[in-house]
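Q: Whatever this is, show me its structure:
(2 chains)
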Amino acid sequence: MRPTGSDPFEVLGLEPRFDLDAEELRRALLEASRRWHPDQWVLASAAEQHAAERRMSEVNEAFARLADPIERAAALLERFGHPLRPDRRPDPDLLAEVFELREEADEAAHEGGERLRRALDRIAAALADAERALADAFARWAAAGHPDADVPDVLRALDRVQYLRRTLAALQETRENPAA
Amino acid sequence: MELPVIQGIGRPGAADDAPILGIDLGTTHSLVAVYRDGRPEVLRDEDGEALLPSVVSFPADGGAPVVGAEARRRAELEPERTVHSAKRLVGRSAADLRETLASLPYRVVDAEGEMAVVDLGERTVSPQEVAAHVLRACRRRAARALGLDEAKLTRAVVTVPAYFDDAQRQATRVAARLAGLEVVRMVNEPTAAALAYGLDRKGASRVAVYDLGGGTFDVSVLELEDGTFRVVATAGDTHLGGDDFDRAIVERIAAEVREEHGVDLLAEPAARIALLRVAEEVKKELSRNDVAEFRFHDPASGLLVRRPIGVIEFQNWIAPLVQRTLDLAARALADAGMTTSDLDEVVLVGGSTRVPLVRAAVEQWFGRVPHARLDPDQVVALGAAVQAGILGGKVPGALLLDVTPLTLGIETADGAVAALIPRNSPIPTSAGETFTTFVDGQTAIALTVVQGEREMARDNRVLGRFQLRGLPPLPAGLPRVEVRFQLDADGVLRVHAREAHSGVEAEITVEPRHGLTDEAVERMLEEAWAHAEEDLEARRRADALLRLRTDVRSVEKHLGEARRGLDKDALIRLEEALEDAQDLLEETAAGEVPPPQRVQGVVDELEGAALPLAELLMDRVVTSAVRGRTVEEVAASPAPRTPQDEGNAS
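A: Numbers count the residues shown, from 1 in each chain, chains lettered A, B, ... in the order given. Now for the predicted structure:
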């Protein structure tokens, strides 16, 4: 995980929540850019230029983090006092499930063709489900006032999205470069 | 710290005094434009010419370098001292350039720091110096066109291919500095093109910019909204362009001639340049007509090549090159998370988009007729001028949000790349990642900064290496080294590393791997100013003499044939002209300095008198595309010389 700079929600002036609308996020980026982009400060003093550049960097970094559901989840957890620990253990059931999926995916990759396509579709569908579940977990957590007790639920949902995403990416790569 | 949003408070008046120049520093030609009276405008020379060939010739006599069209003319005179396509060398090592070098008539070697420089024999010239001469010529042209003192024009927006990496961008900045210009912003060429097109657009739209220049290809996807230009994704190839079309023609013709006549047209650098020039004309002709004739007289063998080329044939030769551009377009769209149907417009940039096959392929692939309202050669310069206008506060409400085209990362212990800033991230930006040690008690960690899209670090470009020393000796995996990347709005990187427990820190601005140290740049700056204005008369005389020498050698070589084949009057005229020329060369060798007009007169007379001889030689050996006919013609012509004889004689 990245060491976090400033809180990305704060940098972009957004309310900290998981179900951010892409359009809303884009608007926030444009607004912040109009204010902080170095091109708006070319005629200003060197110190101001430097400060603007730094602010704009933060804005772009914040946008990149919030645009990605996993990073957005990490930012939210950190904001409410639960920064992701690099040494956390995922749920054993999840690992078992992923292991099975991976085996199946490897076979499908080996066989290719229709079977590979079906495997891709299935994992993509599972990922979409997992992403919805993650959004729900965050919604419940927020509705309850971000209690510590709900954090394991959120983490489990987050790990699931992360693992499924990796499996899908690996499989897609196999399809694009079958030789590799 | 809260900053006022009002602009122009730091350096009041800076904008009004002199405009910021918008410069398209191109591989084959460059342009300079400014933003005035509410619109961008390309500045022309006295002859009304907008394109300045990006060619610099360094005369053997040590005279001042010649830039532009005149340098281009000198390419056949002193091919090994006339540098074109220097942009391809910028920020590269000779090893990087193996493919390119084969097609260059001048010699390229690695200087210190493994950066490519042009070897002129008595000295070397860096690509930055070459670019600086071109930039200075742009600046001079702007001063003249605007009626301003050149010294006032000190700031410029310079465009670079989106695919330029850190070293190439830094090298471009150095070139500008050598030319007395501060680069206030570097803009990616396709982005500049969108700026040129986008000003009058209302509402939101998504645009793909397809930019096929002489030497490089870029494709970008942008979102335009309320005056904001956001580059969403970009892809490209720094070694793909219209020059490759010319080369495809030349290689094909050369192969045919080699097979049919055993003659290597490409043996002489000067001939190669001339062949490429012919190929370029053929290519242009094929944009207007279905057939064009490739016609070339090879001075070394006396061979006259005449080869009609059909447009479909030509299209087959370049089809693989065009396909590569479409593959890259597909990648840019995929990165943008779009399909062709999401696009509102496709914009064509670069002279090579005039090739009908390119247009047709783009239209078919994108499924819409591309926009080509502006001159494709001028679009980028116009966009640079728009950005200059924006930076100067002359275009209220407009803002360009650009992205970095290449992924930036750190090499990990197993040789892979940990990506910190993925390609197509908006800039300026920052990013961080935590690393740890690999061995127990390790007290230093080496960090290698890489740029590129390959998975293994060794396959990417290394931007710099640095070490974080003095870590507390802890068990492996325990130290937490936080690495932060800071990428500025021009795409130049700074890296900072800090160990969390001990607070040990290290920081570098990525080493300017463009091969010039700061001292070298300073020295070149001094030399540049010491250089007197070019002595035009001396230049003309030297050029004419050089040409005369070439002509004399050529006539002397074929004098025997002239005596056998020319009629009496023609022969007498030729022999007299040759004698005059030889006399003049002897005089000069003895130290006399003839006025250039006289030298030119002798050159003109000799070339006129040699025309019948040239015709005679051409009639001897004729080749054409239709092989059967060729054989007959060659057989019928009297006393055909074989290339081997020619080789022995010369």
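Q: Can you tell me what sits against the lengthiest helix in chain B?
A: Using DSSP state H, we find that the single longest helix of chain B is helix B:311-335. Helix B:311-335 is contacted from outside by B:208, B:210, B:212, B:217, B:219-221, B:232-237, B:240, B:244-245, B:248-249, B:252, B:282-283, B:286, B:289-291, B:339-340, B:355-358, B:361-362, B:365-366, B:423-424, using CB atoms under 8 Å, 6 or more residues apart in numbering or on different chains. Where C-beta positions appear, they are placed from N, C-alpha and C, glycine not excepted.
Q: Just the buried residues of those residues.
A: Using 16 or more other CB atoms under 10 Å in any protein chain shown as the burial test, the contacts of helix B:311-335 include B:208, B:210, B:212, B:217, B:219-221, B:232-237, B:240, B:244-245, B:248-249, B:252, B:282-283, B:286, B:355, B:357-358, B:361-362, B:365-366, B:423-424 as buried.
Q: Return the subset of the residues you listed lying in helices.
A: Using DSSP H, the buried ones among the contacts of helix B:311-335 in helices are B:244-245, B:248-249, B:252, B:282-283, B:286, B:357-358, B:361-362, B:365-366.
Q: so can I have JSON lines of these showing pLDDT and distance to B:Val305?
A: JSON lines is the format used below for those (pLDDT from 0 to 100; distance: CB to CB, whole Å):
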{"residue": "B:Asp244", "pLDDT": "91", "distance to B:Val305": "21"}
{"residue": "B:Phe245", "pLDDT": "94", "distance to B:Val305": "19"}
{"residue": "B:Ala248", "pLDDT": "93", "distance to B:Val305": "16"}
{"residue": "B:Ile249", "pLDDT": "95", "distance to B:Val305": "12"}
{"residue": "B:Arg252", "pLDDT": "94", "distance to B:Val305": "12"}
{"residue": "B:Val282", "pLDDT": "95", "distance to B:Val305": "12"}
{"residue": "B:Lys283", "pLDDT": "93", "distance to B:Val305": "16"}
{"residue": "B:Leu286", "pLDDT": "92", "distance to B:Val305": "17"}
{"residue": "B:Leu357", "pLDDT": "90", "distance to B:Val305": "24"}
{"residue": "B:Val358", "pLDDT": "93", "distance to B:Val305": "26"}
{"residue": "B:Ala361", "pLDDT": "94", "distance to B:Val305": "29"}
{"residue": "B:Val362", "pLDDT": "95", "distance to B:Val305": "32"}
{"residue": "B:Trp365", "pLDDT": "95", "distance to B:Val305": "35"}
{"residue": "B:Phe366", "pLDDT": "95", "distance to B:Val305": "38"}
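Q: Greatest separation within those: which pair is it?
A: Within those, B:Arg252 and B:Phe366 form the most distant pair, 29.1 Å apart (CB to CB).
Q: close enough to count as contact, B:Gly565 and B:Leu616?
A: Yes - taking contacts as CB atoms under 8 Å, B:Gly565 lies within contact range of B:Leu616: 4.7 Å.
Q: who in the stretch 251-400 of chain B is up against chain A?
A: The stretch 251-400 of chain B comes close to chain A at residues B:Gln387, B:Ile390, B:Leu391, B:Gly392, B:Gly393, B:Leu399, B:Leu400, as judged by CB under 8 Å from any CB of the partner chain.
Q: And these, which is closest to A:Phe18?
A: Among these, and counting by CB to CB, the member closest to A:Phe18 is B:Leu399, at 29.5 Å.
Q: Which segments of the chain make up each domain?
A: Just so you know, I chose chain A. Domain assignment of chain A by automatic domain parsing yields the ranges A:8-79, A:92-176.
Q: actually chain B
A: Split by automatic domain parsing, chain B gives B:14-188, B:406-509, B:537-623.
Q: What mean pLDDT does the shortest one get?
A: So the one you mean is domain B:537-623. For domain B:537-623, mean pLDDT is 82.
Q: tell me how far it is from the chain's mean position?
A: Taking CA atoms, centre = their mean, to the nearest Å, the mean C-alpha location of domain B:537-623 is offset from the chain mean by 35 Å.
Q: So what's the residue count around residue 95?
A: Going with chain A. 13 (other CB atoms under 10 Å in any protein chain shown).
Q: The chain in question should be chain B.
A: Using other CB under 10 Å, B:Ala95 has 10 neighbouring residues.
Q: wait, isn't it in contact with B:Glu114?
A: Yes - between B:Ala95 and B:Glu114 there is a contact at 7.4 Å, judged by CB under 8 Å.
Q: In chain A, what residue comes closest to chain B?
A: Residue nearest to chain B within chain A (CB to the nearest CB): A:Ser45, separated by 3.5 Å.
Q: Okay, buried residues for the longest helix of chain B please.
A: Neighbour counts over helix B:311-335 (16+ other CB under 10 Å) mark B:311, B:314-315, B:318, B:321-322, B:325-326, B:328-329, B:331-333, B:335 as buried.
Q: mind checking the SS state of B:Ser93?
A: When classified by DSSP: H, G, I helix; E, B strand; the rest coil, B:Ser93 comes out as coil.
Q: list the contacts for it?
A: By CB under 8 Å, 6+ apart, the contact set of B:Ser93 is B:Asp110, B:Glu114, B:Met115, B:Ala116.
Q: Now the two most distant members of the residues you listed.
A: The widest separation within these (CB to CB) is 8.4 Å, between B:Glu114 and B:Ala116.
Q: More neighbours: which of those two?
A: Using other CB under 10 Å, the more surrounded residue of B:Glu114 and B:Ala116 is B:Ala116, with 26 against 13.
Q: what bridges to that one?
A: Under the criterion DSSP bridges, B:Ala116 forms beta bridges with B:Asp110.
Q: For it, give its distance to B:Gly63.
A: Here the criterion is CB to CB, to the nearest Å. By it, B:Ala116 lies 25 Å from B:Gly63.
Q: Pull the contacting residues for the nearest residue to A:Pro8 once chain neighbours are set aside.
A: Spatial nearest neighbour of A:Pro8, excluding adjacent residues (CB to CB, 6 or more residues apart in numbering or on different chains): A:Ala62 at 3.4 Å. For A:Ala62, the contacting residues are A:Ser6, A:Pro8, A:Phe9, A:Val11, A:Leu12, by CB under 8 Å, 6+ apart.
Q: now A:Ala108
A: Residues counted as contacts of A:Ala108 (CB under 8 Å, 6+ apart) are A:Arg115, A:Leu116, A:Arg118, A:Ala119, A:Leu120, A:Leu171.
Q: Nearest residue to the first one in space, please, no chain neighbours.
A: Distance criterion CB to CB, 6+ apart; nearest residue to A:Arg115, sequence neighbours excluded, is A:Ala108 at 4.8 Å.
Q: for the fourth one, same thing?
A: Excluding the flanking residues, the one nearest A:Ala119 by CB to CB, 6+ apart is A:Ala108, at 3.6 Å.
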